[in-house]
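Student: 3D model of this:
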Amino acid sequence: MMSSASTLVAETIWSNIESVHSVTDDQLAMLHFLFGKNLERATRIVDQMAVRRISGQPSGRTIFQVMGESRRKEEYFCFPEHYCACYSFFYDIVNRGEQLCCKHQLAARLAASLGTCVEVQVSDEELAVLLAQL
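Tutor: Take a look at the predicted model:
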């Protein structure tokens, strides 16, 4: 599990990326140091425009839907800082504590910071139905 210092560094980098909606090579290198192969996978997902931010109206509450990389193209709902519905989240993060987050969470965070999410608006009722399926 990452130390609080690593988490603080990551949060600072995310804030800097979000403030200008772009990422430098140095920032990518630091994120890669912190997140390893999951960051590489996340950047591929973002490059494929495979991150949707689903916003409930009128509340503005959001959840992300991220396409997996496998041939099956599963889609996973996630909250970038807290949860993902994928197997890796439960196996590597919750059970083993080996990672801070999965590639889907990283992809959602990166796309949101860069402003490259596919934006989808639904009613709050529709969003509640999606959340009830988690």
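
Student: just the helices in the chain please.
Tutor: 4-20, 25-35, 37-47, 87-88, 103-114, 124-132 (DSSP state H).

Student: for the last one, buried residues please.
Tutor: By 16 or more other CB atoms under 10 Å, the buried positions in helix 124-132 come out as residue 127. Placement of C-beta: from N, CA and C, glycine included.

Student: list the contacts of that helix.
Tutor: Defining contact as CB atoms under 8 Å, 6 or more residues apart in numbering, one finds that helix 124-132 is touched by 54-59, 61, 63, 77, 122.

Student: give me the low-pLDDT residue ranges for the chain?
Tutor: 1-3 (pLDDT under 70).

Student: now for residue 24, how many residues are close by?
Tutor: Residue 24: 12 surrounding residues under other CB atoms under 10 Å.

Student: can you tell me how far it is from residue 112?
Tutor: From residue 24 over to residue 112 the distance is 18 Å, taken as CB to CB, to the nearest Å.

Student: equivalent analysis for residue 12, please.
Tutor: 16 Å.

Student: the two - which one has more neighbours?
Tutor: Higher neighbour count among residue 12 and residue 112: residue 112, with 20 against 12, using other CB under 10 Å.

Student: quick check: the more buried one touching residue 53?
Tutor: Yes. Using CB atoms under 8 Å, residue 112 makes contact with residue 53 at a distance of 6.6 Å.

Student: what touches both of these two?
Tutor: In contact with both residue 112 and residue 53: residue 64, using CB under 8 Å, 6+ apart.

Student: doesn't residue 90 make contact with residue 83?
Tutor: No. Assessed by CB under 8 Å, residue 83 is found out of contact with residue 90, at 9.9 Å.

Student: neighbour count winner among these two?
Tutor: residue 83 (18 against 14).

Student: distance check, the nearest residue to residue 6 once chain neighbours are set aside against residue 125.
Tutor: Excluding its sequence neighbours, the residue lying closest to residue 6 (CB to CB, 6 or more residues apart in numbering) is residue 34, at 5.7 Å. As judged by CB to CB, residue 34 and residue 125 stand 38 Å apart.

Student: fine by me, we can end here.
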